[in-house]
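Asker: Fold the following, please.
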Amino acid sequence: MFPAASLLAFSLLATAYGQQIGTLTAESHPRLTVQQCTSANNCQTQQHTVVLDSNWRWLHATGSSTNCYTGNTWDASLCPDPVTCASNCALDGADYAGTYGITTNGNALTLKFVTQGPYSKNIGSRVYLMDQNDNNYEMFNMNNQEFTFDVDMSNLPCGLNGALYFVEMDADGGKARFPSNKAGSKYGTGYCDTQCPQDIKFINGEANILGWEGSPSDPNAGTGQFGTCCNEMDVWEANMNGAAFTPHVCSVQGQTRCEGTDCGDGDERYDGICDKDGCDFNSFRMGDQTFLGPGKTVDTNQKFTVVTQFLTNNNQSTGTLNEIRRLYVQNGRVIANSKTNIPGLGEFDSVTDAFCNAQKEVFGDTNTFEKLGGLATMGTSFQKGMALVMSIWDDHAANMLWLDSDYPTDVPATNPGVSRGPCPTNSGIPATIEASEASSSVTFSNIKFGPIGSTY
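Answerer: Numbers count the residues shown, from 1 in each chain. Purely as a prediction, here's the structure:
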């Protein structure tokens with residue numbers, strides 16, 4: 001995730017968030033099948049579920065339906081301090097389809113952008129894949145493996161992001177490390193990523209109320225004193241006009257609470273503990289503007305398959321990650337990834353440390369990715385285990401221009417690396433698209449993982 005202030009990436013126009021377990025709404029995780037492959041045409045179907053992130057959920061007093069958080073304000077009587085708030089407030093179950101627009105059908109997960117529920121209007125969502133026992137997040141080590149899924153984003157216009165990615169969360173959502181977190185993974189707690197988001201209401205089992213300030217653009221969101229950081233592998237960030245895959249790394253392992261400079265907020269973006277820019281491969285930004293989009297080589301008007309391969313130096317899962325390859329399959333045809341076509345940048349069609357270093361130099365970008373260890377650090381994170389995340393969101397920080405338009409907007413679009421997609425620079429404004437594009441959605445389906453060459 002790229003924006004300099006990703007804290008407002010998601011919005012819920014309701015009252016939400018918490019750590020204790022509420023009993024007013026039953027929690028039932030939607031079922032989703034995935035396949036684990038051992039060789040070509042040899043895949044076994046597994047029954048999993050998905051769970052909604054805790055930041056979307058209703059938070060209320062443990063003994064009543066009184067909200068702990070309303071608009072962008074905490075209830076001072078229930079939440080006088082972080083620890084008391086975590087004790088007083090309960091995180092409740094979710095009506096996945098009715099309130100959040102989240103539905104599953106066999107191997108398919110559909111996420112709606114805007115859902116008008118019985119009590120509130122919901123914007124976006126974020127879910128995690130649970131293990132087969134429905135107890136913890138499924139943890140993946142993708143070194144020397146490939147990950148494949150189908151995506152239909154024909155209903156996902158400029159300014160939106162249907163994302164599928166891995167983050168180094170605790171498998172139990174932090175429940176064991178932070179005993180005040182009673183809810184854990186079954187209620188979607190413990191999120192982190194390389195943007196070190198400070199809009200997360202509970203971090204390390206405590207309410208993030210210290211220094212809380214409401215957002216100037218979102219009346220239902222805000223930021224606290226702390227952020228929550230970890231390594232992140234963005235396998236897919238996309239809408240029908242653009243797509244990118246991006247490894248991001250940190251100087252810390254596992255979910256880590258940050259404060260001050262370590263969070264890398266604002267002008268301290270490159271002084272924090274995580275690489276917020278990452279090393280992205282966006283075909284449009286890399287010089288091929290005919291590759292992915294409506295009616296293009298990869299036609300986003302139709303469903304297609306995305307294959308991502310994580311290669312190591314010794315072709316073993318214990319090896320050092322040194323290349324991330326991408327290919328597509330559509331209408332029975334395997335489509336190789338596009339190649340870079342930028343003056344001064346050699347010909348690349350995958351993410352390697354050499355590609356990242358060359359790209360950063362030609363684009364004039366700060367190379368925090370190399371400073372924090374590059375692909376080797378990403379591979380170490382996979383060895384530890386990473387949770388699978390799927391989401392749909394709009395961007396209060398940068399209107400998603402970093403994905404599908406010209407960004408930054410204060411330099412010529414002809415500068416290398418600035419043009420990232422065909423969307424206008426005045427597109428993606430949340431207040432606009434939450435009304436005009438409310439019916440948008442993304443569907444991820446047919447998830448498979450296994451050895452290189454086994455999933456397509």
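Asker: C-alpha from now on. contacts and neighbour counts both.
Answerer: OK.
Asker: Over to Pro82: give its phi and psi.
Answerer: For Pro82, the backbone dihedrals are phi -60, psi -40 (criterion: degrees, to the nearest 10).
Asker: if I read this right, it contacts Ala207, doesn't it?
Answerer: Yes - between Pro82 and Ala207 there is a contact under Cα atoms under 8 Å: 4.4 Å.
Asker: Of these two, which one has the most company?
Answerer: Ala207 (26 against 16; other Cα atoms under 10 Å).
Asker: List the beta-bridge partners for that one.
Answerer: Per DSSP bridges, the residues bridged to Ala207 are Phe202.
Asker: Report the secondary structure state of Thr432.
Answerer: State at Thr432, reduced to three classes by DSSP: H, G, I helix; E, B strand; the rest coil: helix.
Asker: Could you give the number of residues near it?
Answerer: Thr432, neighbours per other Cα under 10 Å, totals 12.
Asker: how close does it get to Leu160?
Answerer: Counting by Cα to Cα, to the nearest Å, the separation of Thr432 from Leu160 is 12 Å.
Asker: do Gln35 as well
Answerer: Applying Cα to Cα to Gln35 and Leu160 gives a distance of 28 Å.
Asker: who's more crowded, the two?
Answerer: Leu160 (33 against 20).
Asker: how many neighbours does the residue lying closest to that one once chain neighbours are set aside have?
Answerer: For Leu160, ignoring the flanking residues on the chain, the nearest one in space by Cα to Cα, 6 or more residues apart in numbering is Asp394 at 5.0 Å. Per other Cα under 10 Å, the neighbour tally for Asp394 reads 26.
Asker: Ok, Trp74 next?
Answerer: Neighbour tally, Trp74, other Cα under 10 Å: 18.
Asker: what sits against the residue lying closest to it once chain neighbours are set aside?
Answerer: With sequence-adjacent residues excluded and distances taken as Cα to Cα, 6+ apart, Trp74 is closest to Cys68, at 5.9 Å. Applying Cα atoms under 8 Å, 6 or more residues apart in numbering, one finds that Cys68 lies in contact with Leu59, His60, Ala61, Trp74, Asp75, Leu78, Cys79, Cys89.
Asker: Go again with 7 Å.
Answerer: Going by Cα atoms under 7 Å, 6 or more residues apart in numbering, Cys68 touches Leu59, His60, Ala61, Trp74, Asp75, Leu78, Cys89.
Asker: Retrieve the pLDDT associated with it.
Answerer: With respect to pLDDT, Cys68 scores 96.
Asker: Repeat that for Val307.
Answerer: For Val307, pLDDT reads 98.
Asker: So it is in contact with Ile324, correct?
Answerer: No - in this structure, Val307 is not within contact of Ile324 by Cα atoms under 7 Å, at 10.4 Å.
Asker: now Val334: how far from Val298?
Answerer: In terms of Cα to Cα, Val334 sits 10 Å off from Val298.
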